[in-house]
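Asks: Quick one: sequence and predicted model below, then my questions.
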Amino acid sequence: MVKKSKLLLAAGCILVLTATLLTGCGGQAPKQTEQKAAELSGNVTAVGSTALQPLVEEASKQFMGKNPKLQINVQGGGSGTGLSQVASGAANIGNSDIFAEEKSGIDASKLVDTKVCVVGMTAVVNPKITVDNLTKNQLIDIYTGKVTNWKEVGGPDQKIVVINRAKGSGTRATFKAFALDGKDETAGGMEIDSNGQVKKTVSDTPGAISYLALSYVDNSVKAIKLNGVDPTAENITNGKYPVWAYEHMYTLGQPTGNAKAFLDYMLTDEVQNTLVPKLGYIPATKMKVNRDAKGNVTNK
């Protein structure tokens, strides 16, 4: 009987121990505490700055690869278009090289800004032009029509063909403000809608000059120093080179849903530390200076 009692006691202990393990501290069967994040689906439309477009396009491909049921539609059109489209609710995200406060007709108080990076901008010329540096005054004289031949600024005897971005372009607004000291471009010439088209036209047109986001510059055009300073990431971050802009991604009110998820992804290390520098942009966190909507620059 003693032996049988010991066996019964041991079995009871095993049953109690098993029940304890199954029920846990709360006296109930354990539940899975981690739930898989809801899978994103639907559409996001991002419209505007062609200077920012290469980064947004590449980041959207990566993000859609992680979320195959989500479709992100990235369009250009310029910063003015991006701000107008997001302000009217026609786009989820408005990409812009300029602050919303700088665009007339836009109620900036209704828009929320996500600064995703910084982009430098530079004057570029046809590769056959031997000039590699212009002073700010020389650049202003070219864009106001006072200088019309490259020989007047140390280049060949070649007519200068001035190419501008279309009005509403954030790249144009930035170049005008910080390379031309706000002087109106009165030299005439053609106006082109996008950075990509500008690059091709300058490359194909003898004597041409225009300006591009650094993310578009390659061997098909020649970047020009400004007052002897190269348009490099280092010179931009330390404040030596003045022609740059924040790249903004605006939403109408606080971002929500798919738009918020994508904007959050734009700020991840995967984008900021890898994709941003790879494509010729600068993480905003690397800047040693700040600039406000009025163009005032201060040290961090």
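Replies: Arrived safely. In this text the structure is predicted, and so the values were computed from the model without any measurement.
Asks: Every contact and neighbour count from this point should use C-alpha atoms.
Replies: Noted.
Asks: I'd like the distance from the closest residue in space to Asn133 that isn't next to it in sequence to Ile72, if you could.
Replies: Nearest residue to Asn133 in three dimensions, chain neighbours excluded: Lys225, at 4.5 Å (CA to CA, 6 or more residues apart in numbering). Relative to Ile72, Lys225 is positioned 37 Å away (CA to CA, to the nearest Å).
Asks: For the residue nearest to Asn133, give me its contacts.
Replies: 122-123, 132-134, 231 (CA atoms under 8 Å, 6 or more residues apart in numbering).
Asks: can you do 10 Å?
Replies: Going by CA atoms under 10 Å, 6 or more residues apart in numbering, Lys225 touches 122-124, 131-136, 231-232, 241.
Asks: now swap in Gly239 and tell me
Replies: Taking CA under 10 Å, 6+ apart, we find Gly239 in contact with 233, 287-290, 297-299.
Asks: and these as TSV, adding pLDDT, distance to Gly94 and secondary structure?
Replies: Formatted as TSV, the contacts of Gly239 follow (pLDDT from 0 to 100; distance: CA to CA, whole Å; DSSP: H, G, I helix; E, B strand; the rest coil):
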residue	pLDDT	distance to Gly94	secondary structure
Ala233	94	25	helix
Met287	95	23	coil
Lys288	96	26	coil
Val289	95	25	strand
Asn290	95	22	strand
Val297	92	24	strand
Thr298	94	26	strand
Asn299	92	28	strand
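Asks: Tell me where the stretch 201-300 of the chain has helices.
Replies: Along the stretch 201-300 of the chain, the stretches classed as helices by DSSP state H, counting those that start in this stretch are 233-237, 257-266, 269, 276-278.
Asks: ok, residues contacting the first one?
Replies: With CA under 10 Å, 6+ apart as the test, helix 233-237 has contacts from 118-121, 214, 229-230, 239-245, 277, 280-290.
Asks: Buried among these? Make that a PyMOL selection.
Replies: If you want just the buried ones from the contacts of helix 233-237 in PyMOL, going by 16 or more other CA atoms under 10 Å, the selection is:
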select buried, resi 118+119+120+121+214+229+230+239+241+242+243+244+245+277+280+281+282+283+284+287
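Asks: Restricted to strands, list the contacts of helix 233-237.
Replies: Members of those lying in strands (criterion: DSSP state E): 118-121, 244-245, 289-290.
Asks: quick check, nearest of those to Val221?
Replies: Nearest to Val221 among the ones in strands among the contacts of helix 233-237 is Met121, at 13.4 Å by CA to CA.
Asks: Skipping its backbone neighbours, what lies nearest that closest one in space?
Replies: Nearest residue to Met121 in three dimensions, chain neighbours excluded: Ala213, at 4.3 Å (CA to CA, 6+ apart).
Asks: How many neighbouring residues does that neighbour have?
Replies: 25 (other CA atoms under 10 Å).
Asks: Repeat that for Gly42.
Replies: Residues within reach of Gly42, counting by other CA under 10 Å, total 11.
Asks: And for the one 5 residues further on?
Replies: Residues within reach of Val47, counting by other CA under 10 Å, total 32.
Asks: quick one: buried residues of stretch 174-181?
Replies: Under 16+ other CA under 10 Å, the buried positions of stretch 174-181 are 174-180.
Asks: Repeat that for stretch 142-151.
Replies: Neighbour counts using 16+ other CA under 10 Å place 142-145, 147-150 of stretch 142-151 among the buried residues.
Asks: Distance check, the residue nearest to Gly82 when sequence neighbours are not counted against Asp218.
Replies: Once flanking residues are discounted, Gly82 sits nearest to Gly48: 3.6 Å by CA to CA, 6+ apart. For Gly48, the distance to Asp218 (CA to CA) stands at 22 Å.
Asks: related to what we said a few turns ago, quick one: which of the buried residues of stretch 142-151 sit in helices?
Replies: Judged by DSSP state H, the buried residues of stretch 142-151 include 142-143 as members of helices.
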